[in-house]
Each structure stands twice: as C-alpha cells, then as structure tokens.
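J.: Sequence first, then the predicted structure, then my questions.
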Amino acid sequence: MEFLVTMTTHVPEGTTTDAIDEIRAREAMRAKELADEGALLRLWRPPLRPGEWRTLGLLAATDAQTLEEALASMPLRVWRTDEVTPLMAHPNDPALAARASDGIEFLITMTITVPAGTAANVVEDTLAREAQRAQELSVQGHLLRLWALATPPDQRRTIGLWHAHDAEEMSGIVAALPLYEWMEVEMTPLSEHPSDPARLKFPGRGEIA
C-alpha cells in the first residue's frame, strides 16, 4: 500500500542550533535508508509560513503498523506529528514512469460529484473521456501518479501528482479535463526536499543532503 503523510515538526523552545542541525543530519541519513529499503518513495515541501516545518511524504508499507514503525524510526519524530492518508489504486494511474527535469510538481485533490439526475450513459461517457485524457497527459509528462481516496457513495475523490511549467499551465490543464465541471479542486504547489529519494534517480537534481 501507499500512504501520503503530512509531517509537521514543532521544535521545542530553547533548542540550540547545534541540536537542530544534528537531528536534521540524522533525519536525512534515515530518510536515505528508508528510500533504499523501498519504504520512502518521495518527499516534498508544500508552501510554508515563517517558522513552519512541514513535509509531505509518499511512503509504501504492507499495512498501517509497518508504516508506523517506519515513521517512528525517523529521528525528527520526537518533535513531529504525522497525518496519514491511505491511498488506493486508481485505474488511470500512470505509475510515475518518468518526469521532466524542470517545472513544478503539484499535489492536486479532486472531489467529483455527479449532478443529480445525470443520465448513466453521460456519466459513463465522461468517465471514459477522462480516462483517455489522463493517459494522454501521462504520456506528455503532466500526470505522474494518481490515487483514489475513500469517499461517500455519491462522490469520487482522487489525489494526483502532477507536473507543469507553472501554476497557470497547471490550472489550464485541470480546467480542460472532461470531469472539470463536476469537480472541486485543491491544488498544492510542491518544492524540492533535500532528502527526496527521487533526487538520486534523476540526474541533475543533486545528491541527498
């Protein structure tokens, strides 16, 4: 299984700079070990307020207990709270075969509510066109991953990892999706994290700090 984990760190007041640097160095080392084990897949930084430490992580584990063991093994856990979102397989997931070396990654949550009274054939046709467009966008390098989230019976909810030159291009891509008229969209721009395992896989993005 894969999990999206929001990691929020609160450094105790009075902690010295040396202590912070030491634990961050151990955290980077442990992140590399978890990446080598296949448990840590990606790390990103969402937009942050001054003084805020928050990281988004994509992790893989056989179950929630195994995930908790991995998270608990990270040195920053003594100062950190973790919010875990289980991710389910999505039929349109391109499974991150490749990505461009420039531009921005976005984490986008889409909540789809089909209007009451919409004919079944219209729903089926729109979903089919959405699947076709997702395949096209994955070939173009815009759609990197796609997961389903648990929802009430009358909704569909997805969370996707997307890539575009900038926010304007990304917004245009989303607005052109066949399902867009039935969507509520939450878009989070992501910046690189120094311990992101993908930095090792894609040359030109540096080494893990």
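T.: Done, it's in. Numbering: from 1, shown residues only.
J.: Now do the helices in this structure.
T.: Remark: helices assigned in the chain by DSSP state H are 17-36, 64-72, 120-139, 167-175, 198-201.
J.: of all those, which lies closest to G51?
T.: G51 sits nearest to helix 17-36 of all the helices of the chain, at 12.5 Å, using Cβ to Cβ. Where C-beta positions appear, they are placed from N, C-alpha and C, glycine not excepted.
J.: Let me know the angle separating the closest one from helix 64-72.
T.: Angle of helix 17-36 versus helix 64-72, following axes from the mean of the first three to the mean of the last three Cα atoms, to 10 degrees, is 140 degrees.
J.: quick one: contacts of helix 17-36?
T.: Under the contact criterion Cβ atoms under 8 Å, 6 or more residues apart in numbering, helix 17-36 has outside partners 11, 40-41, 43, 59, 70, 73-76, 78-79, 194-195, 197, 200, 208-209.
J.: Buried subset of the residues you listed, written for ChimeraX?
T.: Typed into ChimeraX, the line below selects the buried ones among those, using 16 or more other Cβ atoms under 10 Å:
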select :40,41,43,59,70,74,75,76,195,197,208
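J.: Turn the helices of the chain into TSV, columns for mean pLDDT and distance to G103.
T.: Listed next are these as TSV, based on pLDDT from 0 to 100; distance: least, Cβ to Cβ, whole Å:
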stretch	mean pLDDT	distance to G103
helix 17-36	95	23
helix 64-72	96	30
helix 120-139	95	14
helix 167-175	97	8
helix 198-201	67	14
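J.: Would you reformat the ones you listed as TSV and include distance to E2?
T.: Formatted as TSV, the helices of the chain follow (distance: least, Cβ to Cβ, whole Å):
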stretch	distance to E2
helix 17-36	14
helix 64-72	10
helix 120-139	17
helix 167-175	22
helix 198-201	15
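J.: Those: which one's closest to V5?
T.: Minimum separation from V5 across the helices of the chain (Cβ to Cβ) falls at helix 64-72, 6.8 Å.
J.: Any idea how many residues pack against A119?
T.: Residues within reach of A119, counting by other Cβ atoms under 10 Å, total 8.
J.: and what of Q65?
T.: As a burial measure, Q65 scores 9 neighbours (other Cβ under 10 Å).
J.: From here on, call the first residue 438.
T.: Okay, using 438 as the starting number, the last item reads as Q502.
J.: where's it relative to E474, distance?
T.: According to Cβ to Cβ, to the nearest Å, Q502 stands 16 Å off from E474.
J.: Also L574?
T.: Going from L574 to E474 by Cβ to Cβ gives 31 Å.
J.: Who has more neighbours out of the two?
T.: Using other Cβ under 10 Å as the criterion, L574 and E474 rank with L574 on top: 23 against 10.
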